[in-house]
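> Sequence and predicted structure below; questions after.
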Amino acid sequence: MKIKFLFLVAFFSLQAMIAQETVIDSVKVKQEKLLQEQQKAEKERIKAEEKILKEQQKAEKERQKALNEAEKAKKEAEKAQKKAEKELKQAEKAAAQREKAKNNIEKAKSKINNNKKDLEKDKEKFEKLRRKGKLSTEDELKWREKILKKENKALELQLDLEKAQNKLDKLD
């Protein structure tokens, strides 16, 4: 019976030892799980914030790029407008120069016509006086000088007309 008793004591001691295994506290486990979940949630939140930040940076870059393109387009439009204004001014200036050249031609023609009329009148008057014999040699020389000056003036006016015509041709 001693042996049986020893067996029973050994059996109960063994069972007591097995029963005294380290017991995991369910509260501690829940806290650890909760802590792990919080850490996981924190990591996900950080990743989400980083993703949002990257998207914001990307959006900012795109907005900046769009602003730069808009600014560039605005500058090009201003440049084109200035160029158009400059071309318009040049066209207006060229038109004014052509008009001025045409006016100069008309003036030169008018002066030539007036000079021809005066020259014809003076020649007729000179011939009339000469036929009547009312001219002295000095008077005749003066009249011939006067007629010669008007003929020279006619040649000068013809040169001016040619110059004005050449200027108009160059403008066209």
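Sure thing, it's come through.
> In this protein, where is pLDDT below threshold?
Counting by pLDDT under 70, the chain contains low-confidence ranges at 19-25.
> any idea how far stretch 131-147 is from the chain center?
73 Å (C-alpha atoms, centre = their mean, to the nearest Å).
> how about that stretch: buried residues?
Along stretch 131-147, the positions that meet the burial threshold by neighbour count (16 or more other C-beta atoms under 10 Å) are L135, W143, K146, I147. Where C-beta positions appear, they are placed from N, C-alpha and C, glycine not excepted.
> List the contacts of the second one.
Residues in contact with W143, defined by C-beta atoms under 8 Å, 6 or more residues apart in numbering, are D122, K125, F126, L129, L135.
> From those, list just the buried residues.
The neighbour-count test (16+ other C-beta under 10 Å) marks D122, F126, L135 as buried among the contacts of W143.
> Which one of those is nearest to M1?
M1 lies nearest to D122 out of the buried ones among the contacts of W143, by C-beta to C-beta, at 181.3 Å.
> Looking at the buried ones among the contacts of W143, which are in helices?
Judged by DSSP state H, these include D122, F126 as members of helices.
> Make TSV from the buried ones among the contacts of W143 and add distance to A154 to it.
Listed next are these as TSV, based on distance: C-beta to C-beta, whole Å:
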residue	distance to A154
D122	12
F126	16
L135	23
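> Now the two most distant members of the contacts of W143.
Greatest spacing in the contacts of W143, by C-beta to C-beta: D122 and L135 (13.0 Å).
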